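[1] the following block contains a protein sequence and its predicted model.
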Amino acid sequence: MPRIDVKRELKHLYHPSAKSVVEVEVPAMRFLMVDGEGDPNTSPRYAEAVEALFSVSYATKFAVKRGAQGIDYAVMPLEGLWWSEDLSSFLRDDRAQWKWTMMIMQPDFVEAAAIHAAIAAVRRKKSLPALRGLRLEAFDEGRCAQTLHIGPFSEEGPTIRRVHDFIGERAALAGKHHEIYLSDIRRAAPARWKTVIRQPMA
């Protein structure tokens, strides 16, 4: 059974170079989403959101692999939309004032019924508070600028400024600051963490 890696198929969106900022057109995709606010390092709701997202995403993957579709695929990485009433809080890394939507993309070939069945199955097995706010939603980001940040999250400021400067020379900022977490931070050293930094453009 061949294993599908959607992240690899969408390499231009999920594997940008760290050497430059580029413009991309991001199509509409489906995501499991959970909303929250506050510093992810201290907010219990953040940890609960991430656990719920991965629990349902993996339950969906295994159900699809065992089911009639018989498709094996790689679970997509965790992503986050971040925003604040004060945009400068991103550059100051003042995450306590950030609001967020954490999310994991669900491939098009996975039927919505399978995802909802996985949510119900996880709810029966685990008591996860964030399941109450979990939703499946289409997200159409459109025209964006992005690059790859290598290093700890606390050092993202200069990379974010590069993206904002790139947009400022061509258009205007629009939408929400978007991060895609490519590394398993439990195993990789912070200096090697890879994060896609993306920002919609007007």
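    On my side now, so go ahead.

[2] quick one: low-confidence residue ranges for this protein.
    1, 87-93 (pLDDT under 70).

[3] list the contacts for the residue most central in space within it?
    In the chain, the centroid-proximal residue (CA atoms, centre = their mean) is residue 79; its distance is 1.0 Å. Contacts here follow CB atoms under 8 Å, 6 or more residues apart in numbering; on that basis residue 79 touches 31, 102-105, 178-181. All C-beta atoms are positioned from the backbone trio N, CA, C, and that covers glycine.

[4] what ranges does this protein have for its strands?
    3-4, 22-26, 29-37, 72-73, 78-83, 99-106, 135-139, 142-150, 177-181, 194-200 (DSSP state E).

[5] isn't residue 61 right up against residue 71?
    No: because the distance of 9.0 Å does not satisfy CB atoms under 8 Å, residue 61 is recorded as not touching residue 71.

[6] picking that back up, give me the beta-bridge partners of the residue nearest to the centre of the chain?
    With DSSP bridges applied, the residues forming beta bridges to residue 79 are residue 103, residue 180.

[7] quick check, residue 178 in contact with residue 201.
    No: counting by CB under 8 Å, no contact exists between residue 178 and residue 201, whose distance comes to 11.7 Å.
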